[in-house]
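**Student:** dropping the sequence and predicted coords here.
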Amino acid sequence: MNWTVVQRILGLLLMMFSLTMLPPVAFSIYYEDHSWLPFVQAFGLTLASGLLIWLPVHRSKKDLRLRDGFLVVAAFWSVLGTFGAAPLYLAPDLSLSFTDAVFESMSGLTTTGATILTGLDELPVSILYYRQQLQWLGGMGIIVLAVAVLPMLGVGGMQLYRAETPGPVKDTKLTPRITETAKALWYVYLGFTIACMIAYRLAGMPLFDALCHAFSTVAIGGFSTHDASIGYFDSGLIDGVSIVFLFVAGINFSLHFFAWRYVSVKHYVQDPEFRAYTAYLFALSAVVVIALYYYRGFDNAGETFLGGVFQAVSIATTTGFTTENFTVWPAALPVMLIFASFIGGSAGSTAGGIKVVRWLLVYKQGAREVARLVHPSAEIPVKLGSKAVQPRVIDAVWGFFAVYIIVFGGMLLAMMATGLDQVTAFSAVAATLNNLGPGLGDVSRGFMTLSDPAKWIAVVGMLLGRLEIFTLLVLITPTFWRH
Amino acid sequence: MKILILGAGQVGSSAAYHLSREEANEVTVVDMRPDVLRELQDRLDIRTVVGHAAYPDVLERAGANDADIVVALTDTDETNMVACQVAYTAFRTPTKIARIRSAEYMNATKLFTQDAIPIDVRISPEQLVCTYIEQLILYPGSSQVLDFADGRVRLVGAKADREGLLVGQRIATLKDHITNTEARIAAIYRQGKAMLPDGDTVIQEGDEVFFIADRKDIRVFMSEMRRLEDPVRRVVIAGGGNIGVRLALALEQTNQVKIIERDPTRARQISEQLNRAIVLVGDAADEELLLEENIDNVDVFCALTNSEEANILSSMLAKRLGAHKVMALINRASYVDLVEAGSIDIAISPQQVTIGSLLAHVRRGDVVKVHSLRRGAAEAMEAIAHGDKDSSKVVGRKIEDIELPKGTAIVAIVRNDQVIIAHHDTEIESDDHVILFMTDRRKIESLESLFQVGVSFV
């Protein structure tokens, strides 16, 4: 282990992160909500901590190794959850406990969108803005951002990038230089955010809300500036804008990059994951809408249609925006939607869940077994598109599945041990591990009713989900620490 | 600069390493072996593409459309040639460099025109390594001999010993020792650390001194650094591969050459190619054979087989049996460090010899020649100054007025075939070949910009 390098980069990242506390100060001053002080305090605290960590080792010139990358990413996300909580903890308007503040900040950064706050509509503007900004930073990944703006990371940048970006295959670079790749991803991300903001504004949202919701939409986060979420606006047009941008943000961002670079949609159409993702969202929406018509009739045909599609897309991409209370929908619909969040969005997107491409590979693997029963001596590779998938990747996908289920089971038991009923515990684990947000039962409106231990379990779940388990899990294995 | 490297072999990997270290380059490596590429991508900040290096669609995926340079370094000459052809025809790549191994292609210069096989630069590592060793043998006592301006000036590295005339004295006294001609000490490495000397610097025993001088003066200046060794007479070459045979051919007229080859058929073949050299069949690490061939009288023993481990062991053995000087061909950089401290006099690294000729084409500005030194930490470079006093940052200025980056020195100038050793008041003219020495290669970018003719000035 290369402690000095890990420490140096950690300090640098923390100092960089401290800068993100400044925009809320500007908002506070502009809207005169008189709550800029906690942000300034948190800024000073974070900057000073970063400086203290960085200063003793700032001369260290060693390169980051593969192992150090895991440690930096895991440590940074954990530390970030804590420092990100500082302004919330310090804000007198909120008077949150430490647990609640960390929960809220982690839920923001991991783009989960579960909240312990009520009465959002009355909160100071700067705090509302800060929560949305946390989601936006966590969406594309704050470490990817660091790789883009801190050129001195060099080769180490690749290790960090790999430990943070989701998906089974992480070796493909968009450009030869990792810094350029990270920049390209952030440009695309920024572009969509601006486009989304303009679209929301044109659809009738006030400018501040448009900015805040653009942040949490493109990041597939789910935080809102209103208790009633997107439902607050009660506008079909806004729902439509939201559906479109959630769909776009759930696509692999490298595809967006290629589309932009070569000005063609060829890459989307040819990508097997994109096609599976689109088909799956269509099918899910259709099932939800048909079921709603079946149970509710056609009284409000248009509204039911839009509500069904919105909820299907919002939950399946692991966003967690709501326009109506889907947890009281009839029959199997609520549980089916929670299940859909296990699939999630595409690899390399801002969505959570297990990711479409992994399910696709598992499905193809199953199909192969069937084919093998029929043709015992056939050589059948698993293919994505026209390319055979390396056995190594398939092994990794299986390993990921197994660990996901084990972690899920363990967390479910732990949640129930804190005294929750089974439906609440099940949906709370699904909502956090898949970075979804809302659950069923007691957590359908937020996590404020949970006990402190349950909240900490949820915090771990969110982090595991965002870093796709292995990055965190590798740290608790003895092999990692053995010299 | 966008660079496409085809082939991730030893030279390909080390080229990728050297080129990707420079901030301005974007490197993509193509190879057929995914595992090699994965390992390479873990170490370096590059992009990799799996596929056959000459196929148009593979090149397109690797970004040939906007590549500035294609460097074809695969194992087969034919693949390299076709890859350059494809890059030229399908993608209009401006600069195409290829490794051509076989002398048969290399000598057929008519082939390499734009309408036949459009390769701008042909590199033959065997040829380069062979020339490199030849020069080391020509100047006994030197650890490195580098040509500039078509060999008119040479930069020579030598380890100072007690019997050198200048050792223990100030450099300024050099002109009292030798009055009729000049040389300049470009850099001194003392215990691995670089220093740019001035007149008051005192050379100590054990320093590695790099000096530049006109070709005809090198022997005289060498005697200032160390006891002048007798010219090499007897050479034993271990390994009858491409490099071994080339070297034997080059040396056999002037020296007594023996070449040891293990494979009898191959030995037979090369004995037919060679005229005066003696071909011995046997193992280069066979003590009996070496003793029988009077190894204790041999001036230089060169181990040039394909196996670097065998090269190290056989040259260590030869040294112990009394060979005056031993050299070994070693690819792995970590081995080079291991053995140079010990009993092997000179470790020759083919990649390092080859990489310089690649680097010359990647540099911006009109750079003729680049030599990579000390495992790539330092660099010696020959650049042509263009423009006039207004458009160039060097032309029309005295050397002391040029803003050189730290750790860099202008050591000599070649003006119309005439070698001028640089002084602080030497003025640089347009079309001068300026020879620079850099102890810190990270300063290259600022150096490159010095030699670019500024658009804003025109």
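**Tutor:** Cool, the structure landed. Residues are numbered from 1 along each chain as shown, chains lettered A, B, ... in the order given.
**Student:** for the rest of this, base every contact and every neighbour count on C-alpha atoms.
**Tutor:** Fine.
**Student:** is residue B:325 in contact with residue B:300, as I believe?
**Tutor:** Yes - under the contact definition of C-alpha atoms under 8 Å, residue B:325 touches residue B:300, with a separation of 4.8 Å.
**Student:** how distant is stretch A:112-128 from the center of its chain?
**Tutor:** Relative to its chain's centre, stretch A:112-128 lies at 18 Å (C-alpha atoms, centre = their mean, to the nearest Å).
**Student:** in it, what counts as buried?
**Tutor:** Neighbour counts over stretch A:112-128 (16 or more other C-alpha atoms under 10 Å in any protein chain shown) mark A:112-117, A:120, A:123-128 as buried.
**Student:** and it, how far apart are its ends?
**Tutor:** With C-alpha to C-alpha, to the nearest Å as the measure, stretch A:112-128 spans 16 Å from end to end.
**Student:** report the rounded mean pLDDT for it.
**Tutor:** Across stretch A:112-128, pLDDT averages out at 85.
**Student:** now stretch A:445-465
**Tutor:** If you average the pLDDT over stretch A:445-465, you get 89.
**Student:** for chain B, which residues are neighbours of chain A?
**Tutor:** Residues of chain B lying near chain A by C-alpha under 8 Å from any C-alpha of the partner chain: B:26, B:27, B:28, B:38, B:42, B:43, B:44, B:45, B:46, B:47, B:48.
**Student:** could you name the specific helix or strand carrying the fifth one?
**Tutor:** With elements taken from DSSP states H and E, the one containing residue B:42 is helix B:34-43.
**Student:** one more: the last one?
**Tutor:** Here residue B:48 sits within strand B:47-50, counting by DSSP H and E.
**Student:** picking up where we left off before, from the buried residues of stretch A:112-128, which single one is nearest chain B?
**Tutor:** residue A:112 (31.4 Å; C-alpha to the nearest C-alpha).
**Student:** which residues does the helix or strand encompassing residue B:176 contact?
**Tutor:** According to DSSP H and E, residue B:176 maps onto helix B:174-177. Applying C-alpha atoms under 8 Å, 6 or more residues apart in numbering or on different chains, the external contacts of helix B:174-177 come out as B:166, B:182.
**Student:** go again with 7 Å.
**Tutor:** Defining contact as C-alpha atoms under 7 Å, 6 or more residues apart in numbering or on different chains, one finds that helix B:174-177 is touched by residue B:166.
**Student:** count of neighbours near residue A:25?
**Tutor:** Other residues lying near residue A:25 total 24 when counted by other C-alpha atoms under 10 Å in any protein chain shown.
**Student:** if I read this right, it contacts residue A:42, doesn't it?
**Tutor:** No - between residue A:25 and residue A:42 there is no contact under C-alpha atoms under 7 Å: 10.9 Å.
**Student:** overlap in contacts, the two.
**Tutor:** Residues touching both residue A:25 and residue A:42 by C-alpha under 7 Å, 6+ apart: none at all.
**Student:** picking that back up, which of the residues of chain B next to chain A are buried? Put it as a ChimeraX command.
**Tutor:** Remark: buried members of the residues of chain B next to chain A, expressed as a ChimeraX selection using 16+ other C-alpha under 10 Å:
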select /B:26,27,28,42,43,44,45,46,47,48
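**Student:** taking the residues of chain B next to chain A together, which two end up most distant?
**Tutor:** Pairwise distances across those (C-alpha to C-alpha) peak at 17.4 Å, for the pair B:26 and B:38.
**Student:** and whichever strand or helix holds residue A:370, which residues are buried?
**Tutor:** According to DSSP H and E, residue A:370 maps onto helix A:356-374. For helix A:356-374, a neighbour-count test (16+ other C-alpha under 10 Å) marks A:356, A:357, A:358, A:359, A:360, A:361, A:362, A:364, A:365, A:368 as buried.
**Student:** measure how far the next helix or strand after the helix holding residue B:176 is from the centre of its chain, please.
**Tutor:** As assigned by DSSP H and E, the chain's next helix or strand after helix B:174-177 is strand B:183-190. Put simply, strand B:183-190 sits 18 Å off its chain's centre (C-alpha atoms, centre = their mean).
**Student:** could you do stretch A:208-227 as well?
**Tutor:** Using C-alpha atoms, centre = their mean, the offset of stretch A:208-227 from its chain centre is 13 Å.
**Student:** ditto for stretch B:372-380
**Tutor:** For stretch B:372-380, the distance to the chain centre is 9 Å (C-alpha atoms, centre = their mean).
**Student:** any idea of the mean pLDDT in it?
**Tutor:** Mean predicted lDDT for stretch B:372-380 stands at 78.
**Student:** likewise for stretch A:15-22?
**Tutor:** For stretch A:15-22, mean pLDDT rounds to 89.
**Student:** which of the residues in stretch A:188-204 are buried?
**Tutor:** Across stretch A:188-204, burial judged by 16+ other C-alpha under 10 Å covers A:188-190, A:192-194, A:196-201, A:203.
**Student:** now swap in stretch A:248-263 and tell me
**Tutor:** A:248, A:249, A:250, A:251, A:252, A:253, A:254, A:255, A:256, A:257, A:258.
**Student:** what is the mean pLDDT for it?
**Tutor:** For stretch A:248-263, mean pLDDT rounds to 88.
**Student:** can I get the buried residues of stretch A:112-128 in TSV including secondary structure and distance to residue B:198?
**Tutor:** Shown next, in TSV, are the buried residues of stretch A:112-128 (DSSP: H, G, I helix; E, B strand; the rest coil; distance: C-alpha to C-alpha, whole Å):
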residue	secondary structure	distance to residue B:198
A:112	coil	65
A:113	coil	67
A:114	coil	69
A:115	coil	69
A:116	coil	71
A:117	coil	71
A:120	helix	72
A:123	coil	70
A:124	coil	68
A:125	helix	66
A:126	helix	62
A:127	helix	63
A:128	helix	65
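**Student:** put together TSV for these, with distance to chain B on each row.
**Tutor:** Shown next, in TSV, are the buried residues of stretch A:112-128 (distance: C-alpha to the nearest C-alpha, whole Å):
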residue	distance to chain B
A:112	31
A:113	35
A:114	37
A:115	39
A:116	42
A:117	44
A:120	45
A:123	46
A:124	45
A:125	42
A:126	40
A:127	39
A:128	39
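**Student:** closest to residue B:190 among those residues?
**Tutor:** residue A:112 (59.0 Å).
**Student:** who touches the closest one in this structure?
**Tutor:** Counted by C-alpha under 7 Å, 6+ apart, residue A:112 has contacts A:221, A:222, A:432, A:435, A:436, A:437, A:462.
**Student:** burial measure for the residue in the stretch 151-300 of chain B that chain A sits nearest to, as a count.
**Tutor:** The minimum distance from the stretch 151-300 of chain B to chain A, using C-alpha to the nearest C-alpha, falls at residue B:193 (17.7 Å). Using other C-alpha under 10 Å, residue B:193 has 10 neighbouring residues.
**Student:** how about it: which residues does it bridge to?
**Tutor:** Applying DSSP bridges to residue B:193 gives these bridge partners: residue B:190.
**Student:** check the gap between residue B:166 and residue B:15 for me.
**Tutor:** The gap separating residue B:166 from residue B:15 is 38 Å, by C-alpha to C-alpha.
**Student:** repeat for residue B:177
**Tutor:** 42 Å.
**Student:** and the pLDDT for the residue in chain A that chain B sits nearest to?
**Tutor:** When you check chain A against chain B by C-alpha to the nearest C-alpha, the closest residue turns out to be residue A:176, at 4.2 Å. In this model, residue A:176 is scored at 81, pLDDT.
**Student:** brilliant, that's me finished.
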